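Novice: give me a 3D structure for the following:
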Amino acid sequence: MTERLIAPPIQAAAKKDPKLANNWKTKPGDQLTDDEIRAMPDSEYMNDKQLAFFRHKLSVLKQEIHASAGATTEHLREDAAVVPDPADRATIEEEHALELRTRDRERKLLKKIEQSIARIDSGDYGYCDETGEPIGVGRLIARPTANLSLEAQQRREIKQKMFGD
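Specialist: Numbering: from 1, shown residues only. You can find the predicted model right below:
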């Protein structure tokens, strides 16, 4: 069987809205929007405003995860009653298993969030761990915990696919 290489997707240049180009100069970093961050010139990459924006974004995500963890605990306590019908019991147990799996994924994400905040503090945030090149504002807005550039991530995924974990 022949192996076919897949070319990476061609990235279109992100359109920058000229109306938003200077908004970042007058607002604090934690009040900027995704579009205002995207409209910033490339020369301002990972300036204080962008770092404050991403720190705020990561902090909000962290708070949301903590809040949902508390809700899970309450939900599991509420459903602790013994249900005599086996089908109902199985449904409840499956829902609990799914909820716990989701919380486990969030626990791992929480660790990445804390690492990203530490990277902001150390001045490494926004730069690829492997190449040292900028990750890009668009990728960081979509995935604030990213620590690899798109190209480095694609190379890593291809290696994992070829050689396993």
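Novice: what's in contact with stretch 57-75?
Specialist: Contacts to stretch 57-75, defined as Cβ atoms under 8 Å, 6 or more residues apart in numbering, come from residues 99-100, 103, 106, 109-110, 113-114, 116-117, 120, 141, 144-145. Just so you know, the C-beta spots here come from the backbone N, C-alpha and C atoms, and that holds for glycine as well.
Novice: 6 Å instead?
Specialist: 99, 103, 106, 110, 113, 116-117, 144 (Cβ atoms under 6 Å, 6 or more residues apart in numbering).
Novice: now the helix or strand hosting residue 73: average pLDDT?
Specialist: In this structure, residue 73 sits in helix 48-78 according to DSSP states H and E. Taken as a whole, helix 48-78 carries a mean pLDDT of 87.
Novice: how about it: buried residues?
Specialist: 49-55, 57-58, 61-62, 65, 72 (16 or more other Cβ atoms under 10 Å).
Novice: need the per-residue pLDDT for the residue nearest to the spatial centre of the chain.
Specialist: Nearest to the geometric centre of the chain sits residue 143, at 3.3 Å (Cα atoms, centre = their mean). The model reports residue 143 with a pLDDT of 95.
Novice: tell me how far it lies from residue 109.
Specialist: Separation of residue 143 from residue 109 (Cβ to Cβ, to the nearest Å) stands at 10 Å.
Novice: how about the helices in this protein?
Specialist: With DSSP state H, the ranges of helices along the chain come out as 34-38, 48-78, 86-122, 137-142, 150-163.
Novice: export those helices to JSON lines and tack on distance to residue 27?
Specialist: JSON lines is the format used below for these (distance: least, Cβ to Cβ, whole Å):
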{"stretch": "helix 34-38", "distance to residue 27": "7"}
{"stretch": "helix 48-78", "distance to residue 27": "8"}
{"stretch": "helix 86-122", "distance to residue 27": "19"}
{"stretch": "helix 137-142", "distance to residue 27": "16"}
{"stretch": "helix 150-163", "distance to residue 27": "28"}
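Novice: out of those, the one nearest residue 128 is which?
Specialist: Of all these, it is helix 150-163 that lies closest to residue 128, at 5.3 Å by Cβ to Cβ.
Novice: list the buried ones in that closest one?
Specialist: Neighbour-count burial for helix 150-163 flags 150, 152-153 (criterion: 16+ other Cβ under 10 Å).
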